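**Q** Here's a sequence, model it:
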Amino acid sequence: MNVLQITDMHLYEGAGHALAGVDTQLTYEEVLAKLLEDQAWPADLILATGDLSQDGSFAAYDRFKARFEMFGVPTLVIPGNHDDTAVMRDVFRSGLVSWRRNYLLGDWQFIMLDSTIAGSPGGHLAERELVALEECLAAHPEHHAVVCLHHHPVSVACRWIDPIGVDNAEAFFAVLDRFPHVRAVVWGHIHQDFASERKGVHLLASPSTCIQFKPRQQDFALDDVPPGYRWLRLYADGRMETAVERLAGLPSSIDLQCSGY
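**A** Numbering: from 1, shown residues only. Prediction:
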């Protein structure tokens with residue numbers, strides 16, 4: 001089964017807007033074009049792990065939904081810290097591209113958590129999210145589980161971004177540790193490729209479709225690597241293969257001296 005993760009698109013209400021010099025709509029379209037040409041396509045499921053929009057606009061979400069509905073592939077979305085959760089719930093309340101709690105596909109379950117805090121760049125899993133996580137895992141013990149959220153629940157060794165990850169990660173992992181059928185935790189937010197493992201569970205993050213954050217930095221810094229996406233190949237016995245794919249080149253307009261946004 002082929003699953004694709006895209007994240008941190010930072011789309012605006014209209015096309016032509018730039019983030020650190022990068023036209024986010026343009027690079028997003030370029031990543032999608034590559035995705036459709038790669039061996040990971042056709043996909044069985046797409047995971048969009050937050051910051052779909054930079055300005056939280058209805059138009060950005062509506063455009064995203066229309067584009068992915070055309071692919072004919074179930075697409076699950078969750079919000080990031082730049083998203084407007086109320087607008088997202090309205091746009092993605094139904095259809096092939098939707099914000100839903102969980103999704104069963106073959107021998108796998110995908111659980112979608114909201115880790116956002118209104119008005120804050122950091123993350124937190126409210127009690128309702130932790131309860132829902134436990135309920136979903138308990139209800140389907142025969143399904144291998146992939147848990148998705150926007151914020152990182154572990155340190156990525158980046159001093160400026162680690163403080164704006166999930167602030168109650170211990171409670172999150174306390175739930176996961178009770179369920180041996182959890183296979184992976186997948187997130188966005190950090191704008192970089194990250195792959196690790198904890199107690200046999202894959203910990204994975206994907207590059208953004210626009211700008212990338214330089215790994216292991218003390219302060220905000222952009223990386224000179226191209227945008228991309230992640231593919232996951234999932235097997236009935238719980239095995240997983242995964243890798244990141246990137247565009248061939250870096251956007252020429254990027255402002256690598258940008259100190260934040």
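**Q** residues in contact with R178?
**A** E134, L137 (C-beta atoms under 8 Å, 6 or more residues apart in numbering). For every residue, glycine as well, the C-beta is placed using N, CA and C.
**Q** Just the element for it, please.
**A** R178 belongs to no helix or strand when elements are defined using DSSP states H and E.
**Q** cool, D62 as well?
**A** Assigned by DSSP H and E, D62 falls in helix 58-69.
**Q** Which elements pack onto that helix?
**A** strand 45-49, helix 85-91, strand 97-98 (3 or more C-beta pairs under 8 Å, 6 or more residues apart in numbering; DSSP states H and E).
**Q** how does it look with 6 Å?
**A** Contacts defined by 3 or more C-beta pairs under 6 Å, 6 or more residues apart in numbering; DSSP states H and E place helix 58-69 against helix 85-91, strand 97-98.
**Q** How much space separates the most centrally placed residue in the chain from Y28?
**A** Nearest to the geometric centre of the chain sits T49, at 2.4 Å (C-alpha atoms, centre = their mean). Note on T49: its distance to Y28, by C-beta to C-beta, to the nearest Å, is 14 Å.
**Q** Check R230 too.
**A** Taking C-beta to C-beta, one finds R230 at 15 Å from Y28.
**Q** Next: E127.
**A** From E127 to Y28 the distance is 34 Å (C-beta to C-beta).
**Q** Look at those two and report which has more neighbours.
**A** More neighbours surround Y28 than the other of E127 and Y28, with 24 against 9 (other C-beta atoms under 10 Å).
**Q** Could you tell me which residues make contact with that one?
**A** M9, T209 (C-beta atoms under 6 Å, 6 or more residues apart in numbering).
**Q** tell me the secondary structure for it?
**A** helix (DSSP: H, G, I helix; E, B strand; the rest coil).
**Q** per-residue pLDDT, it?
**A** The per-residue pLDDT reported for Y28 equals 96.
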